[in-house]
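In: what follows is a predicted protein model with its sequence.
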Amino acid sequence: MADTPVDKMSFEDAMKELETVVGKLERGDVALDDSIALYERGAALKARCEKKLGEAEEKVAKITLGADGQAAGTAPLDD
C-alpha cells in the first residue's frame, strides 16, 4: 500500500495504512529520516481520510426523507 498514491486510496485503505504508520512512529524504533518520511505520509493519509469522510457526510446530508420516513431521494446540499 505504501506505493499507492494517497489521493487514489479508498478511505479504508488510507485508514489502515495510517494506523500502521502511527504504530511505527509510536514504537520509536525508526531512524530519524524514516520517521520524517513516515510522518509526512501519515499527514497525507490523515488528510485523505478527512476528505473522504467529508464527502460521505455531504452525501448523507443530501438524503431526503419522504412522508413515511423512508429515504425518498437526494436534495442539493445548499438547500
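Out: Perfect, I can see it now.

In: CA atoms for contacts and neighbours, from now on please.
Out: Will do.

In: can you tell me how far D7 sits from L65?
Out: 33 Å (C-alpha to C-alpha, to the nearest Å).

In: stretch 26-39: which residues count as buried?
Out: Using 16 or more other C-alpha atoms under 10 Å as the test for burial, stretch 26-39 gives 35, 38-39.

In: quick check: mean pLDDT of it?
Out: Per-residue pLDDT values over stretch 26-39 give a mean of 95.

In: quick one: the buried residues of stretch 26-39 as TSV, columns for distance to D13 too.
Out: Shown next, in TSV, are those (distance: C-alpha to C-alpha, whole Å):
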residue	distance to D13
S35	21
L38	16
Y39	17
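
In: in strands, which of those fall?
Out: Under the assignment DSSP state E, the buried residues of stretch 26-39 contribute nothing to strands.

In: in helices, which of those residues fall?
Out: Judged by DSSP state H, helices contain the following of the buried residues of stretch 26-39: 35, 38-39.

In: all helices of this protein, in order?
Out: 11-27, 32-62.

In: weakest of the ones you listed in terms of mean pLDDT?
Out: helix 32-62 (a mean of 93).

In: would you mark the buried spots in it?
Out: Residues of helix 32-62 classed as buried under the neighbour-count rule (16+ other C-alpha under 10 Å) are 35, 38-39, 41-42, 44-46, 48-49, 52.
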